[in-house]
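Colleague: coordinates only, sequence not included:
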């Protein structure tokens, strides 16, 4: 019999003695905060104090995945120092000419991101009320409506003005400290423009296919219905089992419908076979566990005994899948069971944790501080066993953004003519969706780093593929091309050292849920000053552009090691909607012009942007400017070419990062290479022409050199 059968599980409600009101209510945590200025468990602080020897990917012996619920990146970390947040100077422009941060209402007025804490104050609420935010629309229809063919300017009509609210450091201190201590990903996107279950399908199977017996793609939470037929493709846990790699899904009776594996036909069939031995005509094991919570203790014991009889009817293979993927423990025992497996030396290589509603971080069911309590106990559980801490990577991510705003338009597969493909359905992109938080906790991610590599939930499976050798064929070729495998967030050769931290915290009393309103007098949000160390990226985007009669001739280049996703925005009718292009090498693109005027912006990863404005009749229309790469450690090489018929006088001026201004006079057919000073590889410059007032180029980004750097 499995050690996780009902007869052998301790029924204590909380093995650590921590209340859900927050880890700061404990003497140990309070002492740690006073002594070190840190909210991390003392066990984690002690573990991080030890030197970490150089290693490799195989130094990792255990991976733990905790996917929480429904927060966007900006909503949580837009104010965090050194990430792509509210201080982003490469923010995309809306069709109305305003910043992406100025989201329009249907009536035209703009709504800016606004502090949730300040909104509570204006509403006469105590600051603690910010923990009890309500949820917003997070449907596939609603989120793709906000996306609006790639312009991303319908957030307010689709989600309400509450979508623009955000937390700050003092509101979610543990979440910020984890980002400051380990490695945060600021280009990690949810997989689906929609709700929980399809996103979790990607986490556990690499895709979301069709609804049972239907041509409709599974982009809703339809699987939650007890009569749902179940999905028919293979999950990654099944592949691990077939390959002999140990794994387990840890969950309690209340798992907030967050274990998507249970909605697949293989597992539903196991449940039906077991439930034949249980009174009550339960259709699924989920219905059984949902119901048992409200029974008396005696009735619970009776029903659990019947379920155990049903378990005895399973084959060995079926019993293994049930024990690892479907078995649920009594309330608040999840981390107790994880701890027991660590102590017993039976922690699987791959573990997924599925907490209760109260611990899920979902607005509408949980709180940031309640979930921080769960994460605190998880970290303490792992770090209390030094050998386990020294060999474990913990991925803390979120399934979707709920309805909360994020300002970075996601990469999507180029639109198929039919409107249907592996990553499109009903003429809407399945994903990537908005950015969501991802923090990677391990001995090899210490140092307060940011990774700006593009990831989604399939990246977790890609990491497991690299680490275990077990492939997931369900992942689409496009996602493999665009999204990384998360190995780049680790540094096994020179592990970082944690910074000194000092953060406040709040412990709220429970209240009813509410939705904030933006203030009458709006101000732009402020991001914390400063930068942070940044992981190396595989992208080397290059763009060159020249106006020609009736068109703009673009050359999109990438001399990096991974495909770069470019998005082309046209603000003078050059494109009917933003164009998405994936490039490794070089790609030529012609943009037809409706008139002689053009206004085009090309964006790429990690704040890359190339802007061009002008007219085809302008004296400088034949000028092309591009960045060729690094020149030494502190500069990039600019190449300026005059392909026109007249001499032009160009002024190049730095807009941020470093001072710089230079005037260049170019005769027709001539070019010049210029060393342009950067700040840690970052550049942002504007080019204008004395002979052509319509001409403008702006180039901004970071030229990678294969080494770790500093965020912009």
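Modeller: Looks like it arrived, so ask away. Note that the structure is predicted; figures quoted are calculated from it, not measured.

Colleague: show me which positions of the longest strand along the chain end up buried.
Modeller: When the chain is parsed with DSSP state E, its longest strand is strand 692-702. Buried residues in strand 692-702, counted by 16 or more other C-beta atoms under 10 Å: 692, 694, 695, 696, 697, 698, 699, 700, 701, 702. Heads up, the C-betas are built off the backbone N, CA and C, glycines and all.

Colleague: residues in contact with that strand?
Modeller: With C-beta atoms under 8 Å, 6 or more residues apart in numbering as the test, strand 692-702 has contacts from 89-90, 537, 541, 597, 604, 606-615, 618-621, 623, 625-627, 638, 648, 655, 678, 680-689, 709, 712.

Colleague: circling back to that earlier point, save the buried residues of strand 692-702 as a markdown table, and put in distance to residue 278 and pLDDT too.
Modeller: Formatted as a markdown table, these follow (distance: C-beta to C-beta, whole Å; pLDDT from 0 to 100):
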| residue | distance to residue 278 | pLDDT |
| --- | --- | --- |
| 692 | 79 | 97 |
| 694 | 76 | 97 |
| 695 | 76 | 97 |
| 696 | 71 | 98 |
| 697 | 70 | 98 |
| 698 | 66 | 98 |
| 699 | 66 | 98 |
| 700 | 62 | 97 |
| 701 | 60 | 97 |
| 702 | 59 | 96 |
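
Colleague: ok, so of these, who is nearest residue 340?
Modeller: residue 702 (46.3 Å; C-beta to C-beta).

Colleague: for that closest one, give its distance to residue 633.
Modeller: From residue 702 across to residue 633, the span is 13 Å (C-beta to C-beta, to the nearest Å).

Colleague: tell me where the stretch 551-700 of the chain has strands.
Modeller: 551-558, 564-570, 579-583, 585-592, 597-603, 609-615, 623-631, 635-642, 648-654, 661-666, 671-677, 682-689, 692-702 (DSSP state E, counting those that start in this stretch).

Colleague: doesn't residue 122 make contact with residue 519?
Modeller: Yes - assessed by C-beta atoms under 8 Å, residue 519 is found in contact with residue 122 at 5.7 Å.

Colleague: give me the element residue 444 is part of.
Modeller: Residue 444 belongs to no helix or strand when assigned by DSSP states H and E.

Colleague: do you know how far it is from residue 182?
Modeller: 10 Å.

Colleague: cool, residue 536 as well?
Modeller: 17 Å.

Colleague: go on, residue 228?
Modeller: Residue 228 is 38 Å from residue 182, where distance means C-beta to C-beta.

Colleague: which one of the two has more residues nearby?
Modeller: Neighbour comparison, residue 228 and residue 182: the larger count goes to residue 182, with 25 against 17 (by other C-beta atoms under 10 Å).

Colleague: pLDDT wise, what is the more buried one at?
Modeller: Note for residue 182: predicted pLDDT of 96.

Colleague: try residue 127
Modeller: Confidence score, pLDDT, at residue 127: 89.

Colleague: wait, it sits on residue 117?
Modeller: Yes - if you go by C-beta under 8 Å, residue 127 and residue 117 touch, sitting 5.7 Å apart.

Colleague: quick one: which of the two has more around it?
Modeller: residue 117 (20 against 15).

Colleague: show me what the helix or strand hosting the more buried one is packed up against.
Modeller: Residue 117 is part of helix 116-122 when elements are defined by DSSP H and E. Packing contacts for helix 116-122, counted by 3 or more C-beta pairs under 8 Å, 6 or more residues apart in numbering; DSSP states H and E, involve strand 165-166.

Colleague: mind listing residues that contact the strand it packs on?
Modeller: Against strand 165-166 from outside (C-beta under 8 Å, 6+ apart): 74-76, 78-79, 86, 113-116, 119, 133, 404, 516, 518, 525.

Colleague: what of stretch 379-389?
Modeller: 16, 40-41, 43-44, 46-47, 50, 62, 64, 335, 338-339, 342-343, 347, 392, 394, 441, 443.

Colleague: compute the first-to-last residue distance for that stretch.
Modeller: Using C-alpha to C-alpha, to the nearest Å, one end of stretch 379-389 lies 9 Å from the other.

Colleague: pull out the buried positions in it.
Modeller: For stretch 379-389, burial by neighbour count (16+ other C-beta under 10 Å) applies to 379, 380, 381, 382, 383, 384, 385, 388, 389.

Colleague: name the SS class of the first one, please.
Modeller: What it means is residue 379. With DSSP: H, G, I helix; E, B strand; the rest coil as the basis, residue 379 sits in helix.

Colleague: how near is it to residue 40?
Modeller: Taking C-beta to C-beta, one finds residue 379 at 7 Å from residue 40.

Colleague: next one: the third one
Modeller: The gap separating residue 381 from residue 40 is 13 Å, by C-beta to C-beta.

Colleague: A strand includes residue 394, no?
Modeller: Yes - applying three-state DSSP, one finds residue 394 inside a strand.

Colleague: any weak-confidence spans in the chain?
Modeller: Within the chain, the ranges that satisfy pLDDT under 70 run 1-37, 496-511.

Colleague: show me it divided up by domain.
Modeller: Per automatic domain parsing, the structural domains of the chain span 35-85+105-255+328-489, 536-710.

Colleague: most packed of these?
Modeller: domain 35-85+105-255+328-489 (a mean of 21; mean count of other C-beta atoms under 10 Å).

Colleague: return the distance of that one from the chain's centre.
Modeller: Counting by C-alpha atoms, centre = their mean, to the nearest Å, domain 35-85+105-255+328-489 is centred 6 Å from the centre of its parent chain.

Colleague: could we number from 8 for the rest of this?
Modeller: Happy to do that; since the first residue is 8 now, the last one works out to domain 42-92+112-262+335-496.

Colleague: please determine how far residue 321 is located from residue 698.
Modeller: Distance, residue 321 to residue 698, using C-beta to C-beta: 81 Å.

Colleague: the longest strand of the chain pairs with which strands, parallel or anti?
Modeller: Under the criterion DSSP bridges, strand 699-709 sits next to strand 616-622 (antiparallel), strand 689-696 (antiparallel) in its sheet.

Colleague: now what about the last one, what contacts it?
Modeller: By C-beta under 8 Å, 6+ apart, the list of residues contacting strand 689-696 from outside reads 96, 625-627, 630, 632, 634, 643, 645, 647, 655-665, 667, 683, 702-710, 717, 719.

Colleague: again, 7 Å this time
Modeller: 96, 626-627, 630, 632, 643, 655-664, 667, 683, 702-709, 719 (C-beta atoms under 7 Å, 6 or more residues apart in numbering).

Colleague: the strands in the stretch 8-157 of the chain, which residues?
Modeller: 69-75, 110-111, 117-118, 121-122.

Colleague: who wins for proximity to residue 595 among the ones you listed?
Modeller: strand 110-111 (34.3 Å).

Colleague: name every strand pairing with the closest one and say which way it goes.
Modeller: Per DSSP bridges, strand 110-111 is paired in its sheet with strand 117-118 (antiparallel).
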